[in-house]
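>>> sequence first, predicted model second:
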Amino acid sequence: MNKFNSVLEEKLLPIAAKLGANRVLIAIRNGITLSMPLIIIGSLFLIISNFPIDAWIDWLAETGIIDYLNKGTNGSFGIMGLVASFGIAHSLADQYGVDGTSAGVIALSSFLVATPNILSGDEAPIEGIPVNYMGSRGLFVAIVLGILTALIFQWFIKHNIQIKLPDSVPPAVSKSFSALIPGAVIVTLWLVIFAILDTTNIGNIHDLLLKIFGGPLGILGATIGGTLISIFLNSAFWFMGIHGGNVVNSIISPIWLMNTDANRVIYQADRTAELPHIITSSFIDNFVYIGGGGATIGLVIVIAIVALKKNSSQLTKTMAPLTLTPGIFNINEPAMFGLPVVLNISLLIPFILAPMVNALVTYFAMSSGIVGKTVGVAVPWTMPPILSGFLATGGHASGAILQVVLIVLDVMIYYPFYRTVERQNVLAETDNDTQK
């Protein structure tokens, strides 16, 4: 194991160092991390509003409390993309030595300009912003727009194409005037792009980027080979800070839903009949992505185990409770952006491998008849494992047992890789203490 870890450190750390020094990747990471407090707050609202007890959910719906909880989620978790557009531009501009705050504000404005509005009412129409583009669905635009905005902004400033005020003017006022010319050009640029897409009926930039990156994924079907490809792409998108489920699963989920409903119809007609489909929505949600994208239930358990050691890093001790509780309910954003997993090259291999192993083991367990297939029950995605496996397979204990086996496998896969991360954390904290 030590030899394996040494190989990881020797081979992966140089690559990680190069990636870590890349300005654009740093900007993406810092920009998305900026929304971390909102993600944690939104996760809490999400857990409360989707706690897997029907009586609880019914009570929330009857009293109307669930509407307020959903608003809390949308107003925090749901504006990740909007915040990221500011953070990415801010970080990248700072790295070029120009005013990051002005670049971030311009990027935020450009994000709203490039996003289609919605109108309601006839006599006195009310204009609004669709929330669905503000969250993770808008991350493609946030990344592209934030990077381009910062690059254009710094070019104007570096070439002294700006309004300069006397030194006697307060710095805040001087910076705001310096941003006028590049800001006007950048916002106008994104407005022109929006107008071209709108008048040509192409759509909007959000949907266009989703089509460009997500369209080719539609060729994937319900075979185990196609599923493995979709898992790889899901993890790859997540690793870059893009919600893989929103991109990949939104394209393929109609197939999974049709398979789910076909199983349901046959199961209702005859509970003893052979179900036709193995790969369904429940297969993906409850057996492949246990704990969320990347099957991070294994990772958060490893973090909790390592945190129990006396010599564990402060980061691990801090993240253990913040990641384990949401992880049990399949919410892994605190781990993805707080640890982080995003752009963490040391965790890339297990992040891809764990859900693939889950898919293969589950597929062959169900195809061989060892474990019952999913029966079409719509198990909430926040349902904790073991219970969700039991319900998804129509009350078969084999489904719960399979999830236990998968969790053990995921822990084994993540453990050696996180040990490498932990050693890096301890060394970094030791160096900081020494410098102090």
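In hand now; what should we look at?

>>> low pLDDT regions in the stretch 301-436 of the chain?
Within the stretch 301-436 of the chain, the stretches with pLDDT under 70 are 378, 380, 432-436.

>>> just the strands in it please.
Using DSSP state E, counting those that start in this stretch, the stretch 301-436 of the chain contains no strands.

>>> before we move on, what about the stretch 101-250 of the chain?
Counting by DSSP E, counting those that start in this stretch, the stretch 101-250 of the chain has strands at residues 118-120, 126-128.

>>> what is the last one packed up against?
Helices and strands in packing contact with strand 126-128 are listed as strand 118-120; criterion 3 or more C-beta pairs under 8 Å, 6 or more residues apart in numbering; DSSP states H and E. Where you see a C-beta, it was placed from the backbone N, CA and C, and this is true even at glycine.

>>> give me the contacts around stretch 178-188.
The contact list for stretch 178-188 (C-beta atoms under 8 Å, 6 or more residues apart in numbering) reads 99, 102-103, 105-107, 109-110, 113, 149, 152-153, 155-157, 161-164.

>>> quick one: buried residues of the lengthiest helix in the chain?
Using DSSP state H, we find that the single longest helix of the chain is helix 397-435. Neighbour counts over helix 397-435 (16 or more other C-beta atoms under 10 Å) mark 398-403, 406-407, 409-411, 413-422, 424-426 as buried.

>>> tell me which element N259 falls in.
Taking DSSP states H and E as the definition, N259 sits inside helix 250-269.

>>> spatially, what comes nearest to A335 if we skip its sequence neighbours?
T323 (4.3 Å; C-beta to C-beta, 6 or more residues apart in numbering).

>>> so that neighbour touches V302, yeah?
No - T323 lies out of contact with V302 (C-beta atoms under 8 Å); the separation is 10.2 Å.

>>> neighbour-wise, which of the two wins?
Using other C-beta atoms under 10 Å, the more surrounded residue of T323 and V302 is T323, with 29 against 26.

>>> check contacts around the more buried one.
Residues in contact with T323 (C-beta under 8 Å, 6+ apart) are L299, V300, I303, N332, P334, A335, G338, L339.

>>> now Y267
So Y267 contacts A273, L275, V375, G376, G394 (C-beta under 8 Å, 6+ apart).

>>> if you set the cut-off to 10 Å instead, what comes out?
A273, L275, K373, T374, V375, G376, V377, G394 (C-beta atoms under 10 Å, 6 or more residues apart in numbering).

>>> and A262, how many neighbours?
Using other C-beta under 10 Å, A262 is surrounded by 15 other residues.

>>> actually R23, not the one I wrote
Counted with other C-beta under 10 Å, residues neighbouring R23 total 15.

>>> coming back round to it: mean confidence for the following helix or strand past the helix holding N259?
Next in sequence after helix 250-269, counting helices and strands by DSSP H and E, comes helix 281-283. Mean pLDDT, helix 281-283: 86.

>>> now do helix 281-283: which elements does it pack against?
Other helices and strands packing on helix 281-283, by 3 or more C-beta pairs under 10 Å, 6 or more residues apart in numbering; DSSP states H and E, are helix 250-269, helix 348-367, helix 387-392.

>>> which pLDDT value goes with the nearest residue to D99 once chain neighbours are set aside?
Among residues not flanking D99 along the chain, K175 sits closest, at 5.0 Å (C-beta to C-beta, 6+ apart). As predicted, K175 sits at a pLDDT of 79.

>>> likewise for P216?
So, for P216, pLDDT stands at 57.

>>> redo the helices and strands packed on helix 281-283 as a markdown table? Include distance to K317.
Shown next, in a markdown table, are these (distance: least, C-beta to C-beta, whole Å):
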| stretch | distance to K317 |
| --- | --- |
| helix 250-269 | 37 |
| helix 348-367 | 21 |
| helix 387-392 | 29 |
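
>>> so which of these is nearest A93?
Proximity to A93 (C-beta to C-beta) singles out helix 348-367 among these, at 27.9 Å.

>>> buried sites along the closest one?
Going by neighbour count (16+ other C-beta under 10 Å), the buried part of helix 348-367 is 348-359, 361-363, 365-366.

>>> again with stretch 155-175
Residues F156, I157, Q162, S174, K175 are the ones in stretch 155-175 that count as buried (16+ other C-beta under 10 Å).

>>> quick one: contacts of that stretch?
Applying C-beta under 10 Å, 6+ apart, the external contacts of stretch 155-175 come out as 93, 96-99, 101-103, 153, 176-183, 185-186.

>>> now, these that are in helices?
Short answer: the contacts of stretch 155-175 in helices (DSSP H) are 93, 101-103, 153, 176-178, 180-183, 185-186.

>>> and the furthest pair within the residues you listed?
Greatest spacing in these, by C-beta to C-beta: T101 and V185 (18.1 Å).

>>> give me the neighbour count for S235.
When neighbours are counted by other C-beta under 10 Å, S235 comes out with 26.

>>> swap that for F45, please
Using other C-beta under 10 Å, F45 has 19 other residues around it.

>>> got it, and G389?
By the criterion of other C-beta under 10 Å, G389 has 29 neighbours.

>>> same check, this time on T272
T272 has 5 neighbouring residues, counting by other C-beta under 10 Å.

>>> can you check P340 too?
Counted with other C-beta under 10 Å, P340 comes out at 18.

>>> close enough to count as contact, it and S346?
No - the pair P340 / S346 is not scored as a contact, 11.1 Å apart, by C-beta atoms under 10 Å.

>>> report all helices and strands that the helix or strand harbouring P37 contacts.
Assigned by DSSP H and E, P37 belongs to helix 36-49. Counting contacts by 3+ C-beta pairs under 10 Å, 6+ apart, helix 36-49 is packed against helix 54-63, helix 65-74, helix 80-95, helix 314-328, helix 333-338.

>>> and if we set it to 7 Å?
Counting contacts by 3 or more C-beta pairs under 7 Å, 6 or more residues apart in numbering; DSSP states H and E, helix 36-49 packs against helix 65-74, helix 80-95, helix 314-328, helix 333-338.

>>> so which of those helices is nearest I118?
Closest to I118 of these is helix 65-74 (C-beta to C-beta; 14.5 Å).

>>> quick one: average pLDDT of that closest one?
84.

>>> chain center to it: distance?
Relative to its parent chain, helix 65-74 has a centroid offset of 20 Å by C-alpha atoms, centre = their mean, to the nearest Å.

>>> what residues sit buried inside that helix?
For helix 65-74, burial by neighbour count (16+ other C-beta under 10 Å) applies to I66, L69, N70, G72, T73, N74.
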